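> 3D model of this:
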Amino acid sequence: MKSAKEVIHTRIWEETPEADNPFAAAVCRCAGYDVYGDLLGKAGWAEYLYLLFKLERPAPAEARLLEDLAVVLAHPGPRDPSVHAAMCGGVGGSTHAASLMAALAVGAGQAGGAREVALAMELWRDCGTGLPAWTERLRRPPAPPEQADLWPAPAHPPGFDPHGASCALPVRQTLAHLAALSPGAALPWLHLQRPALETAAELPLSLLGVAAAALTDLGFDRDQGEMLCLLLRLPGAAVHALEQRSLGWRKFPFFGDGLILADDPGPRPPEAD
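Got it, this is the predicted structure:
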């Protein structure tokens, strides 16, 4: 008896095989669009990314917002723990994949990582643009669920900087720019109410808080937002891992000058001719 043909169940992708090879695709469609026949050369990276996640073409304002958000998130900086983790992989001679996996692992948490973006997006889902609801939630966060969870209770309100003294200039610049072009309500409202929210949280707004508002305005859910945050912050980790690989450990930040060997034999004497 002939077994039934196995299929891949997905709404994202469809392939039409070549006439002479069923394992090679002649046409690839993403959400109905011919990727190599229609999209290539016409759609930008942000438009294609939006299509993959939402299965629909973005409006021009949505594509612009996602593109600018990608620029904001692409390079968190070498002091960011996820980038620093990738740098450790690079300087130690790890494979490139291992360096990126280190960045993903360290950058996945709820203290400055992608999980924090998801939690901040939950605030937008629950509170919307109601200042009383935000104030109540920030001042009196709900108790963690009794059922055991993978994540501990957050140590600070998501989307706010636990170590900040005031809202940093890049955060304010990003918020003003994205709020001016956003087709949604979250970013403009956040721009207007930032001082009141910071007073309620007793902390300054962080860049991840702005990112959560932008992803909310783009219509992504919290899981999509978390995944996009992981993805969009990888370029900075990648380039710093490559750079540190070539610089070596002696130029690794906060390490070379602090390394003391108890039995250091000193410089190697020159060999005799």
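> the helices in the stretch 51-200 of the chain, which residues?
With DSSP state H, counting those that start in this stretch as the criterion, the stretch 51-200 of the chain has helices at 60-73, 81-91, 96-106, 114-127, 131-139, 169-181, 186-201.
> Quick check: which of those helices is buried the most?
Here the criterion is mean neighbour count by mean count of other Cβ atoms under 10 Å, and of the helices of the stretch 51-200 of the chain the winner is helix 81-91, at a mean of 23. C-beta: built from backbone N, CA, C; applies to glycine.
> Run through the residues that contact the closest residue to A211 other than its chain neighbours.
Ranked by Cβ to Cβ, 6 or more residues apart in numbering and with sequence neighbours excluded, the top spatial neighbour of A211 is V117, at 5.7 Å. V117 makes contact with 158-159, 208, 211-212, 215, 225-226, 229, according to Cβ atoms under 8 Å, 6 or more residues apart in numbering.
> for those residues, which one is nearest T129?
Among those, A212 lies closest to T129 (Cβ to Cβ), at 13.6 Å.
> host element of that closest one?
helix 207-217 (DSSP states H and E).
> Can you spell out which helices and strands pack onto that helix?
Contacts defined by 3 or more Cβ pairs under 8 Å, 6 or more residues apart in numbering; DSSP states H and E place helix 207-217 against helix 60-73, helix 114-127, helix 169-181, helix 186-201, helix 222-232.
> Give me the angle between it and helix 222-232.
130 degrees (axes from the mean of the first three to the mean of the last three Cα atoms, to 10 degrees).
> Which parts of the chain belong to which domain?
13-58, 67-140+157-249 (automatic domain parsing).
> Between the two ends of the shortest one, how far is it?
To tie it back to what came earlier, the one meant is domain 13-58. 18 Å (Cα to Cα, to the nearest Å).
> Tell me which residues are up against stretch 44-63.
With Cβ under 8 Å, 6+ apart as the criterion, stretch 44-63 contacts 11-12, 30-31, 33, 39, 43, 64, 66-67, 70, 181-183, 218-220, 224, 228.
> If we go by neighbour counts, what in that stretch is buried?
46-51, 53, 57-58, 62-63 (16 or more other Cβ atoms under 10 Å).
> Check stretch 137-146 too.
Buried, per 16+ other Cβ under 10 Å, within stretch 137-146: 137-138.
> Give me the contacts around that stretch.
123, 126-127, 152-154, 157, 197, 200-201.
> Report the contact partners of the spatially most central residue of the chain.
Nearest residue to the geometric centre of the chain (Cα atoms, centre = their mean): C229, 1.8 Å. With contact taken as Cβ under 8 Å, 6+ apart, C229 is in contact with 73, 113-114, 117, 208, 211, 215.
> Please repeat the previous calculation with a cut-off of 6 Å.
Under the criterion of Cβ atoms under 6 Å, 6 or more residues apart in numbering, the neighbours of C229 are 114, 117.
> Next: the one 4 residues further on.
In this structure, R233 makes contact with 73, 76, 107, judged by Cβ under 6 Å, 6+ apart.
> at 10 Å instead, please
70, 72-76, 80, 82-83, 103-104, 107, 113-114, 208, 211 (Cβ atoms under 10 Å, 6 or more residues apart in numbering).
> Ok, P157 next?
116, 119-120, 123, 134, 137-139, 141, 197-198, 200-203, 206, 209 are the contacts of P157 under Cβ under 10 Å, 6+ apart.
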